[in-house]
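Engineer: Turn this into a model:
(chains A and B)
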Protein chains: 2
Amino acid sequence: MKSDTMQKPHDRMAEYLAADMAAVNTLIRDRMASEHAPRIPEVTAHLVEAGGKRLRPMLTLAAAHLCGYDGPYHVHLAATVEFIHTATLLHDDVVDESAQRRGRPTANLLWDNKSSVLVGDYLFARSFQLMTETNNMRVLAILSNASATIAEGEVLQLTAAQNLATDEGIYLKVVRGKTAALFSAATEVGGVIAGAPAEQVQALFDYGDALGIAFQIVDDLLDYQGDTGVTGKNVGDDFRERKLTLPVIKAIAKADAEEHAFWTRTIEKGRQQDGDLDHALALLRKHDTLSQTQADAVAWANRAKEALNTLPDHDMREMLRDLADYVVARIN
Amino acid sequence: MKSDTMQKPHDRMAEYLAADMAAVNTLIRDRMASEHAPRIPEVTAHLVEAGGKRLRPMLTLAAAHLCGYDGPYHVHLAATVEFIHTATLLHDDVVDESAQRRGRPTANLLWDNKSSVLVGDYLFARSFQLMTETNNMRVLAILSNASATIAEGEVLQLTAAQNLATDEGIYLKVVRGKTAALFSAATEVGGVIAGAPAEQVQALFDYGDALGIAFQIVDDLLDYQGDTGVTGKNVGDDFRERKLTLPVIKAIAKADAEEHAFWTRTIEKGRQQDGDLDHALALLRKHDTLSQTQADAVAWANRAKEALNTLPDHDMREMLRDLADYVVARIN
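Structural biologist: Alright, predicted model coming up:
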C-alpha cells in the first residue's frame, strides 16, 4: 500500500469509509433487485458494477461523519444519491445517444433505449423509497428538490445546446443543474441527518455546490485537452456533439466576425468538416480560453475549501480539502 | 345540463368535485412552470391540457371526501398523482415510439425523445416535491412504492412482449404495474390523508386495484373490438405492435399447432402480412376470447364495487360504484 501522502484523496476517503461503503454497496445490490423483472438488475449491474468512483455517496458518508453521525441512515442516503446518479446516467445516455460510458458500451446500446428509460425510472422510484425509510422530511425535501433541479438543468442544456447566445451565466445554471445539484444535496443531507447546526449544513451545501461546479468545468476542459488514455474520453467529443461548454463560450465572446462565422457553421448549423476540430483548438489557444477555464475551476475549488472552514476540525475535513485540490489537479 | 340519471358517473364526480379539481388544476399549472427551462411547461401543457379525463386525481379527491376529509392536502396528492401519470405517459410514448396520444401528435414527435425523457423526469421529481409538502410519511411510502411498481411493470411488459409464453398470471402482473398501481395508490392516499381507519384504507386500495385492472382489460379489449371514432385508437394497434394482451393470451392457450404457428410468426417473429389482423380476429372469435375477456373485466369491476361495502355510506360511494360499472360499460 502506498503511504498516506502518496495516496489520492479519493482513495484515502474510500479507505476511511470502507465499512460504510460496503454497507452502501450491499444496500444498492439488494434494492436494485426486482422479483418480477430480471432485466432491471441486469441493466443496473452493468452500470453500477462498471467501477464508477462512487464519489457522490462517499460525500454523503463523509459529511455525516464530519458532523459526528454514526448511523444508520447515512447509508440509506448514500445509496439514494448513487441511485439518482445512476438513473440520470441511464437517461443521459439515451438523450446523448452515447455508445460508451466508463470505457464500456452503454446500456442503451447493449439493451435498448426503452430499457434505459424504464430502468432509470425504476431507480428514481427506488431512490425515493430509500429516502422515505429515513423518516426525515428535510432530507426528502432536499433530495426531491435536487432531482427537479437536475432534470431542469438537463432540459436547459438541451435547449441551450447549439445556441451561440449561451453565455457563462446560462452555462453555470446548466452545470449547477446537471452536476452540482447532486453534489450539494449529497453533502447537505449528510449534515442534516447528523443533526448539524444550520451554519454547518449551509457550509456543507456550499462545499458540494462549489466542488460540483469545479468538477464539471474540469470535465469540460478535459474534453479539449485531456489525454484519452487517462480520461477515457476522446478529445473533441463535445465539439462534435455541438455542446457549448466554457472554453468555447469564452472563445465565442472574443470572436471576430470570421471566427463567429466558424462557430456558427460548426456548432449552430453542425456543418463540420475535416480540420474543424484543429481550427477550434487553435481558436481556444489564440484567446487563451483553456487556461482561463482552468483558472475558473481552481477558483471554484478554492471556494469549496473555504466553505470547509465553518466545519469541525476532523480528519475527514482534511480529506475533503484535498479532494477539492485533486478535482482540479486532474487537469495536469 | 343533463339530468343526474343521464350523466356519466365520471361527469357527476367532476361536478361534485369541481372546486377541488379547479384547485388541482391551478396547482398543476403552477408547478409545471420552470423559471430556467421554458421547454418544460411547453411539453407538459401539450399533454396536460389535451383534455385527459383526470380520472386518477379525481379518485384521490373522491376517496378523501368519502372519508370525511376536507383538505388541504388531498389537492397536493391529486396533483402528485396526475404528475406521476403524465410523466409515465411521456416515457411510454418514447418507449412505444407512439405518434398519437389523445388524438394529438405525441410530445416525442412534436419535440423529440430527449425532451420527453427529461421533462418526464422533471415531472417525477416535481411529484415527489409535492408529496413531501403533505408532511405525511405514509403517503410518501405509498406513492414511492407505486412509482417503483409502475416502472417494474413497464420493464416486465417490455420483456414479456413478443414472448408467447406470457400467460394470464404475467399479464396480471404487468397490468397491476402499469395501470392498477397508480389507481390503488390514488385511492389509498385519499384515505390515509383523511386519517381513515385501516379497514377503510384497505378497502380503498382494493377498489382502486380492481378498478385499474378492469380499466386496463377493457382498454386491451377495445383495441380489438373498439369503434375508432369513439376510442381514438385504431383496431389492431396492439397486434401490429406485437403486444400480448388478454384476448390473444386466451386464444394462444387454446391454439392448435397451426394457430400456434400463426401467433409465433405474427407476434413472436413479427413477420406480419396483409390479412393477418383479420385472421387474428377470426381466431379470437373462434375461441370466444373477446367475450371471456369482457367477463373478466366485469368480474374485476364487481370486485371493485364489493370493496366499497366497507366504506361509509356517502353520495361519493354511489358515484364510485357507478364508475366501476361505467368503466366496463365502455365496451358496448
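
Engineer: Name the nearest residue to the residue of the stretch 151-300 of chain A found nearest chain B, ignoring sequence neighbours.
Structural biologist: In the stretch 151-300 of chain A, no residue comes nearer to chain B than A:Ala151, which is 3.7 Å away by CB to the nearest CB. Backbone N, C-alpha and C define where each C-beta goes, glycine included. Spatially, and ignoring its direct neighbours in sequence, A:Ala151 is nearest to B:Tyr122 (3.7 Å; CB to CB, 6 or more residues apart in numbering or on different chains).

Engineer: what's the neighbour count on the one you found?
Structural biologist: Counted with other CB atoms under 10 Å in any protein chain shown, residues neighbouring B:Tyr122 total 29.

Engineer: pLDDT wise, what is it at?
Structural biologist: Reading off the confidence values, B:Tyr122 has pLDDT 92.

Engineer: ok, now which ones touch it?
Structural biologist: A:148, A:151-152, A:155, B:34, B:40 (CB atoms under 8 Å, 6 or more residues apart in numbering or on different chains).

Engineer: Give me the buried positions along stretch A:289-301.
Structural biologist: Residues of stretch A:289-301 classed as buried: A:289-290, A:293-294, A:296-298, A:300-301 (neighbour count, 16 or more other CB atoms under 10 Å in any protein chain shown).

Engineer: Could you do stretch A:148-167 as well?
Structural biologist: So, applying 16+ other CB under 10 Å, buried residues of stretch A:148-167: A:148-161, A:166.

Engineer: ditto for stretch A:17-26
Structural biologist: A:17, A:20-21, A:23-25.

Engineer: swap in stretch A:86-100?
Structural biologist: Neighbour-count burial for stretch A:86-100 [16+ other CB under 10 Å]: A:86-95, A:98.

Engineer: Those residues: which ones sit near chain B?
Structural biologist: With CB under 8 Å from any CB of the partner chain as the criterion, the buried residues of stretch A:86-100 include A:88, A:91, A:94-95 near chain B.

Engineer: In helices, which of the residues you listed fall?
Structural biologist: A:88, A:91, A:94-95 (DSSP state H).

Engineer: Now do the longest helix anywhere in chain A: which elements does it pack against?
Structural biologist: Ranked by residue count and defined by DSSP H, the top helix of chain A is helix A:198-225. Helix A:198-225 sits against helix A:55-66, helix A:168-175, helix A:181-193, helix A:237-240, helix A:246-253, helix A:289-308, helix A:315-329, with contacts defined as 3 or more CB pairs under 8 Å, 6 or more residues apart in numbering or on different chains; DSSP states H and E.

Engineer: And the ones in helices among the ones next to chain B among the buried residues of stretch A:86-100, which is closest to chain B?
Structural biologist: Using CB to the nearest CB, those come closest to chain B at A:Val95, 4.4 Å.

Engineer: Not counting its neighbours along the chain, what's nearest the closest one?
Structural biologist: Of all residues not flanking A:Val95 in the chain, B:Lys114 sits nearest, at 4.4 Å (CB to CB, 6+ apart).

Engineer: so where does that neighbour fall, helix or strand?
Structural biologist: helix B:113-132 (DSSP states H and E).

Engineer: Residue numbers of the stretch 101-250 of chain A in contact with chain B?
Structural biologist: So far as CB under 8 Å from any CB goes, the stretch 101-250 of chain A lies against chain B at A:113-115, A:117-122, A:124-126, A:128-129, A:132, A:135, A:137, A:140-141, A:144-145, A:147-148, A:150-156, A:158-159, A:173, A:177.

Engineer: Could you rerun that using 6 Å?
Structural biologist: Applying CB under 6 Å from any CB of the partner chain, we find that the stretch 101-250 of chain A lies next to chain B at A:114, A:117-118, A:121-122, A:124-126, A:128-129, A:132, A:135, A:137, A:140-141, A:144, A:147-148, A:151-152, A:154-156, A:158-159, A:173.
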